[in-house]
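**Q** What follows is a predicted protein model with its sequence.
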Amino acid sequence: MFFLPAIQGRFPVGVTTFVSPVQRPRPIGTVKLRSPPTGSTRPNNALYLEEVAFTAYYPADTTSKPITKGVDWFIRPVKESLQGFSTFLGFSSWLLWPIVYFFGTLVKIPAYPNAPLLDPKNATVASENQWPLVIFSHGLGGSRTAYSQFCSRLAASGRVVLAVEHRDGTGTVSMPRSWNIDGEKSKPRTLLYLRESDIHWDDDSDSIKTAPFPLRVEQLAFRHHEVYITYNTFHKFIHNTPGTHLETIDGTHFDRKSWGLDEATEKPFVNCDENIVLAGHSFGGCTVLSILSSNPSDEYDRLPVDKAIILDPWLEPLPAPGPFPMKSGGNNVKENNIADFVSSALEQNDIVPSATPAHPRMLVINSETFTLWKDHFARLQEIVKGWEPNGRRIVTLVGSKHTSFSDFPILPIISGKTARNIFNTIADVSVAFLDNRFEEQLKDAKIVKMEPKIIGVKKDGKPRRKLAGAPGDVIVE
C-alpha cells in the first residue's frame, strides 16, 4: 500500500462519498450520443441528469472508535476507470493496464473513510461552532478524488469540502443510476469521457452549434445543475429536512447523527446558509466563473457565495468579454435553454466594476503554462479586474504546470520535491486567502517579477518562453 503525502493541517480528515437522486430526471441540452448504450430505454441524450455524487472531505472525529486510515484514490470499479483513462488519453487500455493496476489498487488517500464529522464545539478555530462549506469543481479528465490533496488541505484547516463528481462526460468515468419513487436504484450505467466523435446535434440545433466549444457550453449548463443540486441536497441533509435522500455511494454505513444539528442550539454543524466558497480547477474554474456571472434557473436560489478560489481557469468556453459579476436584480435564465444561457452571459458586457464590490472575493492561482498563454492571460487579467479592481488577486507559480493543482504530480513513486513544494504553496496560499491572511502569507513567499524569457523555438517556429525565477517562486498581479 502506498499513501499520497501526509495531509498538513490542524485536523485529521474524513472522506465520505454521497449520492442523491435528482427529483426530476431529464436531459440537459440537445447534444446526442452517436451510439446509445446497449439496452438503454431512456432518451439518447448525451447529458442526462438523474443522480448527483460528491465526495466530502471534512474534519474527522477519530476518537469515537478505531478507524483505519486509507481511502481508495482510484475511482471504483478499476476496470471501468481503466476504460475511462484509455478514452481520455487516447491510449490502448493494454498499455495503461500496468499503471492503472498499480495506482488503482495500491494508492490510498491518507484520510479516514466514513469517519464521523468532528463536533465543531471541540475545535476552537471553528467560526461560531460551525464548519464553513466549500464546493469544488474538477477539470477535464478529473474526478472527485483527483484533487484529494487540495480538498484535504482545506478540510484539515477546518472546512467541509464537497468535491462534485461531474457526470457530464468531462470526467474519466462515472457510474450514474436511476432511482424510482421508492428509492430503488437501477444498475449503474458506465459513462466515459465524451469525445467529439461520440456525439452529434440534430439539424435544428444551429444556435448552439455556432457557439465556441458547443459541447463545453452544454456541459457547463449540466454542471450548473449538479452544483446547485449538490448544495440544495446537502443543505437539506444538514438541516435534517424530512424526505432528503442521501446515502453513501457504496451503501456503507456512516454516522448520520454526527452531520446533524447541535442538540443544544439546533444550529447545524456545517454553515450552509452563508459565506460558502466555490473552488475549481481548469474547466472547473470556468464552471465557477460561469455560475457566479449568471442567474440560476427558476428552480434554484442564488448560492450564498462569499469567496471563490479559481485554479488555472480555462476561459475559452465562456462568452467574451467577461464574465463579470452579475448586476443586482438580473432576470433569471432557464439553464436548460442553452441559447438563452449564452445570450445571458453576453448581456453582462455593460457591467461596470465597483470599487467596493458586493460580489464574492476572488483569488486566481495560475500555472506558468497558462500565464505564458498570452491572449488567454490578458483576458484573465481583464476578468479579474471586474472582481478585484484593486489587483493582487492573480498568483502565478514559477515552474508550475496545468496538472500541478491535482494529485497526479505528487503520486507515490513519481513525485519529486519540486512538485510537492509547488503544491504546498498552492494549498498554503489558498488556505490563507480563506482565512483572510492572504497578504500575510505572501510575506513568507519569494516574490519575483513577471519576466518571460526566450529559451528556444517551438515546432511551429514560435519562441519558447519561460518565466524567470526558481520553481515555486511567486508572481503577484
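**A** The structure has been received and is ready for your questions.
**Q** For stretch 180-194, buried residues please.
**A** By 16 or more other C-beta atoms under 10 Å, the buried positions in stretch 180-194 come out as Arg189, Leu191, Leu192, Tyr193, Leu194. To be clear about C-beta, it is placed using only N, CA and C from the backbone, and glycine gets the same treatment.
**Q** Can you tell me which of these is nearest Pro325?
**A** Leu194 (30.9 Å; C-beta to C-beta).
**Q** so what's that closest one closest to, chain neighbours aside?
**A** Nearest non-adjacent residue to Leu194, counting by C-beta to C-beta, 6 or more residues apart in numbering: Gly169, 3.0 Å away.
**Q** Asp262 now?
**A** Excluding the flanking residues, the one nearest Asp262 by C-beta to C-beta, 6+ apart is Phe269, at 6.5 Å.
**Q** Can you list the residue ranges for strands in the stretch 151-300 of the chain?
**A** Per DSSP state E, counting those that start in this stretch, the stretch 151-300 of the chain has strands spanning 160-164, 173-174, 191-192, 199-200, 247-248, 270-271, 276-281. These are given in chain order.
**Q** Mind putting the ones you listed into JSON lines with distance to Pro110 and mean pLDDT?
**A** Converted to JSON lines, the strands of the stretch 151-300 of the chain look like this (distance: least, C-beta to C-beta, whole Å; pLDDT from 0 to 100):
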{"stretch": "strand 160-164", "distance to Pro110": "16", "mean pLDDT": "98"}
{"stretch": "strand 173-174", "distance to Pro110": "24", "mean pLDDT": "94"}
{"stretch": "strand 191-192", "distance to Pro110": "29", "mean pLDDT": "92"}
{"stretch": "strand 199-200", "distance to Pro110": "38", "mean pLDDT": "90"}
{"stretch": "strand 247-248", "distance to Pro110": "20", "mean pLDDT": "95"}
{"stretch": "strand 270-271", "distance to Pro110": "23", "mean pLDDT": "96"}
{"stretch": "strand 276-281", "distance to Pro110": "21", "mean pLDDT": "98"}
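**Q** For Pro116, which residues are in contact?
**A** Shown here is Pro116, whose contacts under the criterion C-beta atoms under 8 Å, 6 or more residues apart in numbering are Gly14, Ala60, Asp61, Ser64, Phe254, Asp255, Ser258.
**Q** Find me the pLDDT at it, would you?
**A** Per-residue confidence for Pro116 comes out at a pLDDT of 96.
**Q** What of Thr63?
**A** Here, the pLDDT recorded for Thr63 equals 88.
**Q** Number of residues surrounding it?
**A** By the other C-beta atoms under 10 Å criterion, the neighbourhood of Thr63 contains 12 residues.
**Q** So it: helix, strand or coil?
**A** With DSSP: H, G, I helix; E, B strand; the rest coil as the basis, Thr63 sits in coil.
**Q** same question, the one 4 residues further on
**A** Following three-state DSSP, the label given to Ile67 is coil.
**Q** Okay, strands next: where are they in the stretch 1-150 of the chain?
**A** Listed in chain order, the strands of the stretch 1-150 of the chain (DSSP E, counting those that start in this stretch) span 2-3, 13-27, 32-33, 48-59, 71-72, 107-109, 112-113, 131-137.
**Q** could I get those as CSV with mean neighbour count and mean pLDDT?
**A** Converted to CSV, those look like this (neighbours: other C-beta atoms under 10 Å; pLDDT from 0 to 100):
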stretch, mean neighbour count, mean pLDDT
strand 2-3, 14, 94
strand 13-27, 20, 95
strand 32-33, 18, 91
strand 48-59, 25, 97
strand 71-72, 21, 95
strand 107-109, 21, 96
strand 112-113, 20, 96
strand 131-137, 26, 97
